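Trainee: Please find the sequence and the predicted model below.
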Amino acid sequence: MTGGVILAAYALAAGYGAPAALSRDWARRSPRIAIGLWLTVAASWLAAVPLAALALAVPLTWQAGGTVSDARAGPAAVAGMLLAIAVVVRASWHLARGLARARRDHRAHAAFLAVAGRPDQALGAVIIDADAPAAYCLPHGRHRVVITTSALPRLSPGQLRAVLAHERAHLRGHHHLMLAAAAALARAFPAMPLLARASAELAVLAEMTADDHAARRHGAADLAAALVTLAGAGSRRTALAAGGPAAIARIQRLLAPPPQPRLPARAALLAAGTAAFLIPAAIASLPLVIAACGIISMAP
């Protein structure tokens, strides 16, 4: 019973308290670490809720010789089992449905680009006719970076290289998959702040991560100037556009980079992510540890 209560308390703390901690200024200084923390805390919440329900439904009494089930087929036990199953099924259903829908959308847009786009081997991108300057990427098809004809004359060569590097960073980081999964979980559990806010927060952090990659290789000034040109363009639901969310904040961040966290701070953040991932498993296995200690202490 104690393990179930602790797991339930952890799930509540992670679900309601973690978003405030994960949305602070440090996340903008280390967006890659922040992405990892959002993902690990969300995964730990998804593990903690069914584990808590199972532990409360089927409490165990641990003795020196092994385990004795103390579960009773009462309403509480049945409710706990049903809750655990419901959480797993709902999360799995929405994830499968959301990822399948994203894949269909990507395929449909890739088919459109195959007809309407003009591949440019020098750029390693496909060019489409459009009045608005835009650049975006899709994780499907042969030419996965797209730029509009309106953007080309407005971007200098350095700015264009920075934009293309930004989009390729999205593809290497599999950011489309991450954001599709986050959006699916937000639809599955809209009342849980951790999952409801994750999609929007991860979208901004993904853009900042791609910004950092492009700025290191092609200069922050060129990328910031390109974002000014592209910021007003709308983006497709299936694509990650260089203008992207929070463009003004990203431009300010590029022109006045925040101080990077020192090694102890980065190590602490990585340790927090590891702990968040391991806490549900550690709490769930606590009775096993206690029982093992009892057996060892009785050994001659």
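Mentor: That came in fine, so what should we check first? Residues are numbered from 1 along each chain as shown.

Trainee: now the stretch 51-200 of the chain, which segments are flagged as low pLDDT?
Mentor: Scanning the stretch 51-200 of the chain for pLDDT under 70 picks out 58-74, 76, 142-143.

Trainee: and Ala100, how many residues sit next to it?
Mentor: If you count neighbours by other C-beta atoms under 10 Å, Ala100 ends up with 12. C-beta here means a position set from N, CA and C on the backbone, and glycine is covered the same way.

Trainee: typo on my end, it should be Ala14
Mentor: For Ala14, the tally of surrounding residues (other C-beta under 10 Å) stands at 23.

Trainee: So it versus Ala196, what's the distance?
Mentor: Noted for Ala14: a distance of 13 Å to Ala196, by C-beta to C-beta, to the nearest Å.

Trainee: Trp26 now?
Mentor: Using C-beta to C-beta, one gets 22 Å for the distance from Trp26 to Ala196.

Trainee: Counting neighbours, which bits of stretch 42-59 end up buried?
Mentor: For stretch 42-59, the buried set under the neighbour-count rule, 16 or more other C-beta atoms under 10 Å, comprises 42, 44-59.

Trainee: so how far is stretch 167-181 off the chain centroid?
Mentor: Centre-to-centre, stretch 167-181 and its host chain are 10 Å apart (C-alpha atoms, centre = their mean, to the nearest Å).

Trainee: what about that stretch, how long is it end to end?
Mentor: Taking C-alpha to C-alpha, to the nearest Å as the measure, stretch 167-181 stretches 20 Å from start to finish.

Trainee: what packs against the lengthiest helix in the chain?
Mentor: Criterion DSSP state H: the longest helix present in the chain is helix 75-116. If you count contacts as 3 or more C-beta pairs under 8 Å, 6 or more residues apart in numbering; DSSP states H and E, helix 75-116 packs onto helix 31-57, strand 125-128, helix 175-188.

Trainee: Other residues contacting the last one?
Mentor: With C-beta atoms under 8 Å, 6 or more residues apart in numbering as the test, helix 175-188 has contacts from 35, 39, 42, 46, 90-91, 93-95, 97-99, 102, 106, 138-139, 170, 195-196, 198-199, 202-203, 206, 209-210, 240.

Trainee: hmm, try it at 6 Å
Mentor: Helix 175-188 is contacted by residues 90-91, 94-95, 98-99, 102, 139, 195-196, 198-199, 202-203, 206, 240 when judged by C-beta atoms under 6 Å, 6 or more residues apart in numbering.

Trainee: Name the member of those with the shortest distance to Leu227.
Mentor: Leu240 (13.5 Å; C-beta to C-beta).

Trainee: Could you check how many residues crowd around the closest residue to the closest one other than its chain neighbours?
Mentor: In space, and not counting its chain neighbours, Leu240 is closest to His170: 4.7 Å by C-beta to C-beta, 6 or more residues apart in numbering. The tally of other residues near His170 (other C-beta under 10 Å) stands at 27.

Trainee: Could you grab the helix/strand/coil label for His170?
Mentor: Here His170 takes the helix state, with states given by DSSP: H, G, I helix; E, B strand; the rest coil.
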